[in-house]
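Visitor: here's a sequence, model it:
(2 chains)
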Amino acid sequence: MSINVLRFTTAGNVDDGKSTLIGRLLVETEGAFEDQIEGARRENERRGGKGIDFSLLTDGLKAEREQGITIDVAYRYFATPKRKFIIADAPGHEQYTRNLVTSASTSDLAVILVDARNGMVTQSRRHAFIAYLLGIRHFIVAINKMDLVEFKREAYDAIRMDFIDFIERLGGADVYCIPISALEGDLVTEPSPRMSWYNGPKLLELLESIEVDDHQSERPFRFPVQLVSRPPGQEFADFRGYMGRVASGSVRVGDAVVVLPSGARTTVTGIVTQDGRLDEAFSRQSVTLLLADDLDISRGDLISSETSLPAARTEFKATLCWMNERKLRLNHRYVLRHTTKSVRCIINEIDYRLDVNTLDRESPVTELQTNDIGQVRIKTLQPIVCDPYDANRQTGGFILLDETNDTVAAGMIQG
Amino acid sequence: MNKEWTHLRELESESIYIFREVVAQFRNPVLLYSIGKDSSVLVHLARKAFYPGPLPFPLLHVDTGYKFPEMIKFRDEFAKSIGARLIVHRNEDAIAAGAHPLKLGVARCCGQLKTAALLHALEKYQFDAAMGGARREEERSRAKERVFSLRDAFGQWDPRRQRPELWNLYSGAIHEGESMRVFPLSNWTERDIWQYILQEKIPVVPLYFAKERPVVERGGTLIPADNALHLKDGEKPQMMSVRFRTLGCAPCTGAVASCAASLEDIVAEAGAAKISERSTRIIDHGSNTMEDKKREGYF
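Guide: Numbers count the residues shown, from 1 in each chain, chains lettered A, B, ... in the order given. This next block holds a predicted model:
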């Protein structure tokens, strides 16, 4: 039962066979049930198809099933004796950038599907770039439809070289390439005698074994305060705890810490959980911290290690992905939500817009609209305590809300 | 890295974080308590989230009057044992008018006794956030559900108004009259739930454990038959070793043939299950899909 979780996103074009691949992974690991599989089979036959269309297992809403399109990010689950998997599946349509940004934000790995017949196309680069932008540094390139290129090694080699070259240009990452046939099952969970030239792991084996913990626990300690705990009752008269989830690093009882933005220094005197007091809390753990001094600390404050402090900033550059139909308005007031803090802000300049296909910077530009990515300058009314996104995804990412309360943009703070 | 960091610890920690976000962002939240295994886990996690303080919100049970007697007994004892404030809400008018699935049809009966009752209770107590135990894995229309799911002033769900959820930034910003449904167990599967119940020794309703019970077979589903009122003419109960994978109303919850009499047996069974658990819920069959019910305000 001692298994961990891998969160990954899947990206590919409409016809790259992504739904088929996910459907197969679910069926072959028993992440899909017989009644669901039977439902997908019946539906396919009703439409005049034959057998199971694996993609029907993963198309969620009635509206999109009827129209044969998928919108929005869907979450899928499966497990093997080695790992639990959470797939954030981003569909490949017009809202693509927005969906992939969303799905990549919670993922540690991206599976990029490439059609072996077509090679690396513009969209493959776009997918890889967006995943990279969101901080993903582990890629599996599933070179699909090998059955349609007679399982020849040349197609695989060419795509592999192209992809590695592209990732190197972005700054480098961990890349694995696997030739598969999602439709026929080669190298997904089963071996492929037809590709005996390939000696690496099957897709599922790789997903089970790949190490994605990028030393999050060794980074500087960051603890955004969610709530202050002051339980009622005489027995808790002196209890004052700070509830939160460790965003990065770890903390031990006795450690010196700094509370930001005030800059007050104190010491951790206790780490409280219902399962007992802890000596040490690690990245991702939800705990309640006790501190030596009675300080004025509230939601939105951040408790940090004493060294490698984050910055308290009111002006910064950020990469912004615009997600709403209403365009970005310069000097308009937005609400910026970052860790557990909300502040008012304005965007006073757009430096450039990125062409996500060519990676060219377009400037001058005066607006960003849905699915645009650009670099902007932001001014906040109160300081936010942050790290550059490249150094810390939890303390470097933010969202913008407009007056309708819609989430209109996702942002990544630059150094 | 922490060697003890299992998938269950990761899920637990994420759920605790979500509970705390709800309490930080909303004025008057409530936990929708349905008495089932997911609710048991939900309450267990909520208590962990606010330890050593008390639960900072009440539990709301929408009672249709058709819940199994074992469920009601468990509910009352459980709420008392943890010192929680329990609100039980019923659509008394519909109950008095004799609403029954065999009379109204399943969809209309659910609409009156569950959806209408829930919306009325949320309105009556002015709750602005309702936390429930729904999981994305349960049913395919739920695969895209947000952790923070916005409902309009009529309690209805509009797929186009749902917000993108990035990182762990859950936005609870709402306008007057709107409310949020929150799903802290979004990323859990049935298997995770049972493994966690075993690990944490969480109490659950005895109906989950296999026992000889009277049932009738109706449309491929085993319906409990201890109450003659819920039987159609000519149906004859037979004794079988069965258990329930999900718990709803007695006339509409199917049992499964099983010999799993302990938590360990259930974990093993959940690991090997071939049929989805919602298949035992009659509400999910028929033309009115879960997606339609959700639009109307069903949980």
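Visitor: ok, residue A:201 - contacts?
Guide: Counting by C-beta atoms under 8 Å, 6 or more residues apart in numbering or on different chains, residue A:201 touches A:178, A:209. Yep, even glycine has a C-beta here, placed from its N, CA and C like the rest.
Visitor: so it sits in a helix?
Guide: No - assessed with DSSP: H, G, I helix; E, B strand; the rest coil, residue A:201 is coil; it does not lie in a helix.
Visitor: what about the strands in the stretch 201-350 of chain A?
Guide: Using DSSP state E, counting those that start in this stretch, the strands of the stretch 201-350 of chain A run over A:222-224, A:227-229, A:241-245, A:250-252, A:256-260, A:264-272, A:280-282, A:286-291, A:302-305, A:311-322, A:333-338, A:341-354.
Visitor: now the ones you listed in JSON lines, with mean pLDDT, distance to residue B:16 and mean neighbour count?
Guide: Output for the strands of the stretch 201-350 of chain A, formatted as JSON lines (pLDDT from 0 to 100; distance: least, C-beta to C-beta, whole Å; neighbours: other C-beta atoms under 10 Å in any protein chain shown):
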{"stretch": "strand A:222-224", "mean pLDDT": "98", "distance to residue B:16": "14", "mean neighbour count": "26"}
{"stretch": "strand A:227-229", "mean pLDDT": "97", "distance to residue B:16": "11", "mean neighbour count": "20"}
{"stretch": "strand A:241-245", "mean pLDDT": "98", "distance to residue B:16": "7", "mean neighbour count": "25"}
{"stretch": "strand A:250-252", "mean pLDDT": "96", "distance to residue B:16": "17", "mean neighbour count": "18"}
{"stretch": "strand A:256-260", "mean pLDDT": "98", "distance to residue B:16": "21", "mean neighbour count": "19"}
{"stretch": "strand A:264-272", "mean pLDDT": "98", "distance to residue B:16": "12", "mean neighbour count": "17"}
{"stretch": "strand A:280-282", "mean pLDDT": "95", "distance to residue B:16": "13", "mean neighbour count": "21"}
{"stretch": "strand A:286-291", "mean pLDDT": "98", "distance to residue B:16": "4", "mean neighbour count": "22"}
{"stretch": "strand A:302-305", "mean pLDDT": "98", "distance to residue B:16": "17", "mean neighbour count": "24"}
{"stretch": "strand A:311-322", "mean pLDDT": "97", "distance to residue B:16": "27", "mean neighbour count": "19"}
{"stretch": "strand A:333-338", "mean pLDDT": "98", "distance to residue B:16": "20", "mean neighbour count": "20"}
{"stretch": "strand A:341-354", "mean pLDDT": "97", "distance to residue B:16": "19", "mean neighbour count": "18"}
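Visitor: can you redo those as JSON lines with distance to residue B:70?
Guide: Supplementary listing: those in JSON lines, determined by distance: least, C-beta to C-beta, whole Å:
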{"stretch": "strand A:222-224", "distance to residue B:70": "43"}
{"stretch": "strand A:227-229", "distance to residue B:70": "36"}
{"stretch": "strand A:241-245", "distance to residue B:70": "36"}
{"stretch": "strand A:250-252", "distance to residue B:70": "45"}
{"stretch": "strand A:256-260", "distance to residue B:70": "49"}
{"stretch": "strand A:264-272", "distance to residue B:70": "36"}
{"stretch": "strand A:280-282", "distance to residue B:70": "40"}
{"stretch": "strand A:286-291", "distance to residue B:70": "33"}
{"stretch": "strand A:302-305", "distance to residue B:70": "46"}
{"stretch": "strand A:311-322", "distance to residue B:70": "51"}
{"stretch": "strand A:333-338", "distance to residue B:70": "44"}
{"stretch": "strand A:341-354", "distance to residue B:70": "45"}
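Visitor: mind putting the ones you listed into TSV with distance to chain B?
Guide: Formatted as TSV, the strands of the stretch 201-350 of chain A follow (distance: least, C-beta to the nearest C-beta, whole Å):
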stretch	distance to chain B
strand A:222-224	10
strand A:227-229	5
strand A:241-245	4
strand A:250-252	8
strand A:256-260	18
strand A:264-272	7
strand A:280-282	4
strand A:286-291	4
strand A:302-305	14
strand A:311-322	9
strand A:333-338	5
strand A:341-354	8
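Visitor: nearest approach to residue B:127 belongs to which of these?
Guide: strand A:227-229 (19.0 Å; C-beta to C-beta).
Visitor: the closest one - contacts with which helices or strands?
Guide: Strand A:227-229 makes packing contacts with strand A:241-245, helix B:7-25 when contacts are defined by 3 or more C-beta pairs under 8 Å, 6 or more residues apart in numbering or on different chains; DSSP states H and E.
Visitor: against residue A:102, how distant is residue A:378?
Guide: 20 Å (C-beta to C-beta, to the nearest Å).
Visitor: about what we covered before: with respect to burial, which of the helices and strands packed on strand A:227-229 scores highest?
Guide: Ranked by mean neighbour count under mean count of other C-beta atoms under 10 Å in any protein chain shown, the helices and strands packed on strand A:227-229 are led by strand A:241-245, which reaches a mean of 25.
Visitor: burial of residue A:263, as a residue count?
Guide: Under the neighbour criterion other C-beta atoms under 10 Å in any protein chain shown, residue A:263 is assigned a count of 9.
Visitor: the bottom helix or strand of chain A by mean pLDDT?
Guide: Using mean pLDDT, DSSP states H and E, the weakest-scoring helix or strand in chain A turns out to be helix A:62-67, at a mean of 52.
Visitor: name the next helix or strand downstream of it, please.
Guide: strand A:74-79 (DSSP states H and E).
Visitor: could you list the paired strands of that next one along with their orientation?
Guide: Strand A:74-79 sits in its sheet next to strand A:83-89 (antiparallel), going by DSSP bridges.
Visitor: how far away from the center of its chain is the strand it pairs with?
Guide: Taking C-alpha atoms, centre = their mean, to the nearest Å, one finds the center of strand A:83-89 at 11 Å from the center of the full chain.
Visitor: got the residues of the stretch 51-200 of chain B near chain A?
Guide: By C-beta under 8 Å from any C-beta of the partner chain, the residues of the stretch 51-200 of chain B that approach chain A are B:51-54, B:136-137, B:140-144, B:159, B:161-169, B:171, B:173-175, B:186-187, B:189, B:191-192, B:195, B:199.
Visitor: just the buried ones among those residues, please.
Guide: The neighbour-count criterion (16 or more other C-beta atoms under 10 Å in any protein chain shown) marks B:51-53, B:136-137, B:140-144, B:159, B:162-169, B:171, B:173-174, B:186-187, B:189, B:191-192, B:195 among these as buried.
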